[in-house]
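> based on what follows, work out the 3D shape:
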Amino acid sequence: MNKKKLKLVGLSILIIVVSAGVALGLSKALFEDKKSLDTTISMGTLNLQVGDDGPASIPIDFENMVLGETRTVIFEVDNVGSIEGNFWVRGAITDTGNVLDPESEGEMKNCARLGLYRIRSDGLQENIITNMLLRNIEADFDSEAGTVNDAAINNGPAEMHLVVNTLGCYDNTMGDYLSAHLDFYLTQVLD
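Residues are numbered from 1 along each chain as shown. Just a heads-up that it's a prediction; the model follows:
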């Protein structure tokens, strides 16, 4: 073979290889699409506000109550955070006794009652704690997730009424004292 034919064959092979490479690159470009998505992850917050000052606990005031008296405290509860939560309440008795008989635990927890309810948008009440003897308030209330109270507080503010009464108390409670409180919680619901 002469040099001229050899160059021509070499050039032909080179053109075929380059053409195949260009065709392959072009077909890849025609059949491939790439998109990038920039993701920002932000953690939400749960922030329960109870009343004007936002305490997490409401004291239950029996100071200077008389037999047969009822007291009502009205306050708002609101989730001012950025994610929804599960609202629930826990009651606690912190001290009981009788000023006339320091050895006595007092009888008020066996006769005084407590109720906690939310006023619904239709004006009716949604009970959370229903006129319960104080000796029974050391428990969790409305702790199930997804309740109507959760929805009201997450979309709040929700108007709450705390009612305490001594309607079932008699003379044997004279001199009794009792300290109790309700703790309000808002916890994250995990799917």
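> how about Ile83, secondary structure?
Classification of Ile83 by DSSP: H, G, I helix; E, B strand; the rest coil places it in coil.
> next one: Ala152
helix.
> all strands of the chain, in order?
48-50, 57-60, 70-79, 85-98, 113-119, 125-133, 140-141, 158-165, 176-188 (DSSP state E).
> what strands line up against the last one, and which way round?
Right, strand 176-188. Applying DSSP bridges, strand 176-188 is found paired with strand 57-60 (antiparallel), strand 85-98 (antiparallel).
> using JSON lines, please lay out these together with mean pLDDT and mean neighbour count.
Bear in mind the C-beta positions are built from the backbone N, C-alpha and C, glycine included. Conversion of the strands paired with strand 176-188 to JSON lines gives the following (pLDDT from 0 to 100; neighbours: other C-beta atoms under 10 Å):
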{"stretch": "strand 57-60", "mean pLDDT": "74", "mean neighbour count": "17"}
{"stretch": "strand 85-98", "mean pLDDT": "88", "mean neighbour count": "18"}
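> compute the number of surrounding residues for Glu107.
19 (other C-beta atoms under 10 Å).
> surely it is in contact with Asn172?
Yes: using C-beta atoms under 8 Å, Glu107 is in contact with Asn172, at 5.4 Å.
> out of the strands of the chain, flag the one nearest Lys5.
strand 176-188 (80.7 Å; C-beta to C-beta).
> for the closest one, buried residues please.
Asp176, Leu178, Ala180, His181, Leu182, Phe184, Tyr185, Leu186 (16 or more other C-beta atoms under 10 Å).
> contacts only, for the first one.
The contact partners of Asp176, taken as C-beta atoms under 8 Å, 6 or more residues apart in numbering, are Thr96, Gly97, Asn98, Val99, Ser104, Gly106, Glu107, Met108.
> my guess is Val77 contacts Ile58, does it?
No: counting by C-beta under 8 Å, Val77 stays clear of Ile58, with 9.6 Å between them.
> tell me, what's touching these two both at once?
With C-beta under 8 Å, 6+ apart, Val77 and Ile58 have common neighbours Val50, Gly51, Phe184.
> and which of the residues you listed is nearest to Gly91?
Taking the shared contacts of Val77 and Ile58 together and measuring to Gly91 by C-beta to C-beta, the closest member is Phe184, at 10.7 Å.
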